[in-house]
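Participant: 3D, please:
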Amino acid sequence: MGFCIVNGENVADGAGITPRLAERLLAAGADVLTLGNHVWRRREIAPYLEKAERVVRPANLSASAPGRGLTVVAAKDGTPVAVLNLQGSLFMPTPVSPFELADELVEQARSRAKVIVVDFHAEATSEKVALARVLDGLVTAVIGTHTHVQTSDARVQPGGTAAITDAGMTGPHDSVIGVKAELAISRMRTGMPVRFEPADAGVRIEGVLVECDADGRALSCEAVRVPVP
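Facilitator: Next up, the predicted model:
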């Protein structure tokens with residue numbers, strides 16, 4: 001079984017995503033797209049999320065917001081894979097704690113699929129590690145996103161759930177987390193507003209490769225880093 005999940009929340013010039021770019025990623029081979037705290041940066045994405053079945057936004061945003069936080073999509077061999085998107089509440093303006101919704105959402109996912117992957121889009125490493133521990137044995141993998149820096153803690157936990165605190169960033173690494181370094185540094189030094197622009201050097205693909213059995217128990221978890229010529 002092969003299945004590709006892409007966090008696409010910053011593909012539109014470094015902030016948000018558009019319907020056109022979402023469709024390009026899906027056409028390129030992504031099975032499901034997850035999002036994050038910049039989900040509403042592009043106005044046109046809201047009506048798109050109302051009908052998109054393979055694009056999910058954090059489930060713990062406002063209950064009246066468009067879109068869904070959980071989807072189930074068949075892999076190439078027909079195996080159903082549930083993908084769940086949650087956003088952290090530490091240092092982020094998140095309406096509902098992910099810990100309040102996680103159990104209910106996982107129960108919904110388990111009723112529809114044995115393979116379950118959680119994209120936990122969060123700032124604090126402590127919160128990411130905590131949720132991975134809470135869900136150990138209940139889901140296939142808890143993959144952290146948002147901080148743009150790949151961590152070295154890819155692992156399979158005792159209960160059989162793969163986890164990594166942050167899968168890293170696909171984009172220009174000769175930068176400050178994707179932004180032209182001089183612009184980010186100028187804002188930090190002066191405190192003045194600066195319009196950020198994406199950098200373009202040192203591009204590499206980062207992510208994580210998880211292998212699991214037919215019951216959704218993770219067998220391995222390996223961080224991936226591929227330089228782009």
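Participant: which ones are touching the closest residue to Arg54 other than its chain neighbours?
Facilitator: Once flanking residues are discounted, Arg54 sits nearest to Val32: 5.2 Å by CB to CB, 6 or more residues apart in numbering. Where you see a C-beta, it was placed from the backbone N, CA and C, and this is true even at glycine. Val32 is in contact with Phe3, Cys4, Ile5, Val6, Arg54, Val55, Val56, Thr71, Val73, Val81, Val83, counting by CB atoms under 8 Å, 6 or more residues apart in numbering.
Participant: what subset of those residues is buried?
Facilitator: Applying 16 or more other CB atoms under 10 Å to the contacts of Val32, the neighbour count classes Phe3, Ile5, Val6, Val55, Val56, Thr71, Val73, Val81, Val83 as buried.
Participant: can you map out the helices along the chain?
Facilitator: Under the criterion DSSP state H, helices of the chain are mapped to 19-27, 45-51, 98-110, 125-134, 181-190.
Participant: would you list those in a markdown table and tack on mean pLDDT, mean neighbour count and distance to Gly144?
Facilitator: Compiled in a markdown table, those are given as follows (pLDDT from 0 to 100; neighbours: other CB atoms under 10 Å; distance: least, CB to CB, whole Å):
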| stretch | mean pLDDT | mean neighbour count | distance to Gly144 |
| --- | --- | --- | --- |
| helix 19-27 | 97 | 16 | 20 |
| helix 45-51 | 96 | 16 | 22 |
| helix 98-110 | 97 | 17 | 12 |
| helix 125-134 | 98 | 19 | 4 |
| helix 181-190 | 95 | 13 | 22 |
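Participant: mind putting those helices into a markdown table with distance to Gly171?
Facilitator: Shown next, in a markdown table, are those (distance: least, CB to CB, whole Å):
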| stretch | distance to Gly171 |
| --- | --- |
| helix 19-27 | 13 |
| helix 45-51 | 19 |
| helix 98-110 | 25 |
| helix 125-134 | 20 |
| helix 181-190 | 13 |
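Participant: how about the ones you listed, which one is nearest Ser220?
Facilitator: Nearest of these to Ser220, taken as CB to CB: helix 125-134 at 15.8 Å.
Participant: quick one: the closest one to helix 98-110, angle?
Facilitator: 40 degrees (axes from the mean of the first three to the mean of the last three CA atoms, to 10 degrees).
Participant: just give me the closest of the contacts of Val32 to Val228.
Facilitator: Comparing these against Val228 with CB to CB places Val6 closest, at 15.3 Å.
Participant: residues near the nearest residue to the closest one once chain neighbours are set aside, how many?
Facilitator: Once flanking residues are discounted, Val6 sits nearest to Ala30: 4.2 Å by CB to CB, 6+ apart. Burial of Ala30, expressed as a neighbour count using other CB atoms under 10 Å, amounts to 19.
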